[in-house]
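**Q** sequence? don't have it. structure:
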DNA sequence: TACAGTTGAACTGTACTACAGTTCGACCCA
DNA sequence: TGGGTCGAACTGTAGTACAGTTCAACTGTA
């Protein structure tokens, strides 16, 4: 903690700001899956040059929300059963590996807090999905690997988008119950059961989601 | 296998080709860590427009070999103890999770083959590092997750670069011995030992590498 | 000699214009 | 109905321009 913490000159480029803005819009559903991001239109609307937009979109590509197709430009990613499956498989592997580890006290506390937040969100009915994902991020944090944390966050971002466009709604009671089982197993130090609970939870989630695609 | 497998029209952009070319050059050590990629110079030398180079470099950014700094442009990543540590931690988590799984026959075969390749490379003295990394990629493949395979591949690419610039040379005997122990444990189905061997191997590797940084 | 201040060349970030090649839907024709 | 043609819209790339930033060299000063 330095006396200058948080003091920082605004150091960002136009393209970066555009990328952030576009990311928000996409996450909010302003562009649907499969939609093309037309450069001239966006450039004109936002009053910037087209090459700046191009740079912004290339930055966006880093987050995985869009991909480039030759001569078609940037296209918003679209959920397919295969992608959903691959995404959840990666999640399952990471989360089971994570939960098999013995949590340090502060990690256990972070998980507990995340669960409390989730329960509160379920009660009010707002932000359930985000709390759900945040909870799982804390699980993965058990791995003590920043690189894996970041990777999981990118998976989460992608998943978050899919959930939004599929307008997947979670039933609060089920969500809380399933996560409570996980937290309980962790608290008891029953790692085998924790692994089983996580696996079951992820499996159920992917099945529910894939059902929505059909 | 269709009758048209492999038939494909050349569908790539100039920027993509430039990105591939630059990637090769960087991996080959043409640019050292911390070096800036000066746009005008590259553009002039290769006979393309500067904005095309910019696009190429943004694509390069996807692979993690360079990062952008405001008003300084693209900079080749540089190894630091922290980065090495983080990279190996992620590796260790993924590989131990992978090796704890029971391999299917074809997976066992792939691992065995990768080990044979490594041994052969050690004998001739060529391409040891690449075979080493390829072996570990096969280990991670046990997770049956394409997303994790891809993520691991990106870690590998980064690590490969660090090894090159640090001109890390591996002693063939040690390398073969350590990997043989891993393969043996897998073959015997002794997963606990396999996990221990992998962990030891990764730990030793990172220690060796970090020693070179000092 | 050490150090603060100034200056200028090199370079990045962004804008603007231009155009060849590609895509894709609309229209047409058999 | 299916294939073929056409044109508007758009991407990929080139090229020019310029304000703002960086950084190393130079200068002056204590």
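**A** Perfect, thanks for sending it. Every value quoted in this text rests on a predicted model; they were computed, and no experiment measured them.

**Q** got the contact list for residue A:15?
**A** A:52, A:55-56, A:59 (Cβ atoms under 8 Å, 6 or more residues apart in numbering or on different chains). No exception for glycine: its C-beta is placed from N, CA and C like everyone else's.

**Q** Can you list the buried residues in the lengthiest helix in chain A?
**A** Counting residues, the longest helix in chain A under DSSP state H turns out to be helix A:191-213. The neighbour-count check on helix A:191-213 (16 or more other Cβ atoms under 10 Å in any protein chain shown) flags A:193-198, A:201-202, A:205-206, A:209 as buried.

**Q** can you tell if it touches chain B?
**A** No - residues of helix A:191-213 contacting chain B under Cβ under 8 Å from any Cβ of the partner chain: none, with a closest distance of 10.9 Å.

**Q** sorry, back to before: just give me the closest of the buried residues of helix A:191-213 to chain B.
**A** Proximity of the buried residues of helix A:191-213 to chain B was ranked by Cβ to the nearest Cβ; the top entry is residue A:195 with 10.9 Å.

**Q** Now the residue nearest the centre of chain A. Nearest residue, chain neighbours left out?
**A** Compute the mean C-alpha point of chain A, and by Cα atoms, centre = their mean the closest residue is residue A:156, 2.0 Å away. On the basis of Cβ to Cβ, 6 or more residues apart in numbering or on different chains, the spatially nearest residue to residue A:156 that is not a chain neighbour turns out to be residue A:133, at 5.0 Å.

**Q** Just to check, residue A:114 is in contact with residue A:131?
**A** Yes - using Cβ atoms under 8 Å, residue A:114 is in contact with residue A:131, at 7.2 Å.

**Q** Give me the residue ranges of chain A where confidence is low.
**A** With pLDDT under 70 as the threshold, chain A has low-confidence stretches at A:1-10.

**Q** Show me which residues of it sit near DNA strand D.
**A** Near DNA strand D, the residues belonging to chain A are A:36-41, A:50-51, A:54, A:68-74 when assessed by Cβ under 7 Å from any atom of the strand.

**Q** what's next to whichever strand or helix holds the residue nearest to residue A:156, contact-wise?
**A** Here residue A:133 sits within helix A:128-140, counting by DSSP states H and E. Counting by Cβ under 8 Å, 6+ apart, the neighbours of helix A:128-140 from elsewhere in the structure are A:91, A:94-95, A:98-99, A:107, A:110-111, A:114-115, A:117-118, A:120-122, A:148-149, A:152-153, A:156, A:159-160, A:163, A:168, A:170, A:172, A:175, A:179, A:182, A:198.

**Q** rerun at 7 Å
**A** Around helix A:128-140, the neighbours that count as contacts under Cβ atoms under 7 Å, 6 or more residues apart in numbering or on different chains are A:94-95, A:98-99, A:110-111, A:114-115, A:117-118, A:121-122, A:148-149, A:152-153, A:156, A:160, A:163, A:170, A:172, A:175, A:179.

**Q** Drop anything exposed from these.
**A** Once neighbours are counted (16+ other Cβ under 10 Å), the buried part of these comes down to A:94-95, A:98-99, A:110-111, A:114-115, A:117-118, A:121-122, A:148-149, A:152, A:156, A:160, A:163, A:170, A:172, A:175, A:179.

**Q** near DNA strand C at all, stretch A:35-44?
**A** No - shown here: stretch A:35-44 not in contact with DNA strand C (Cβ under 7 Å from any atom of the strand), separated by at least 7.6 Å.

**Q** Buried residues of that stretch, list them for me.
**A** Of the residues in stretch A:35-44, those scored as buried under the neighbour-count criterion (16+ other Cβ under 10 Å) are A:37, A:39, A:42-43.

**Q** One more: stretch A:15-24?
**A** Taking 16+ other Cβ under 10 Å as the basis for neighbour counts, the residues of stretch A:15-24 that come out buried are A:15, A:18-19, A:22-23.

**Q** Quick one: the residues you listed as CSV, columns for distance to residue B:11 too.
**A** Formatted as CSV, the entries for the buried residues of stretch A:15-24 read as follows, by distance: Cβ to Cβ, whole Å:
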residue, distance to residue B:11
A:15, 26
A:18, 28
A:19, 26
A:22, 26
A:23, 27
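
**Q** Could you pull up the residues touching the closest residue to residue A:46 other than its chain neighbours?
**A** Closest residue to residue A:46 apart from its sequence neighbours, by Cβ to Cβ, 6+ apart: residue A:18 at 6.9 Å. For residue A:18, the contacting residues are A:46, A:48, A:52-53, A:56, by Cβ under 7 Å, 6+ apart.

**Q** do the same with residue A:148
**A** With Cβ under 7 Å, 6+ apart as the criterion, the residues that contact residue A:148 are A:94, A:140, B:90, B:93.
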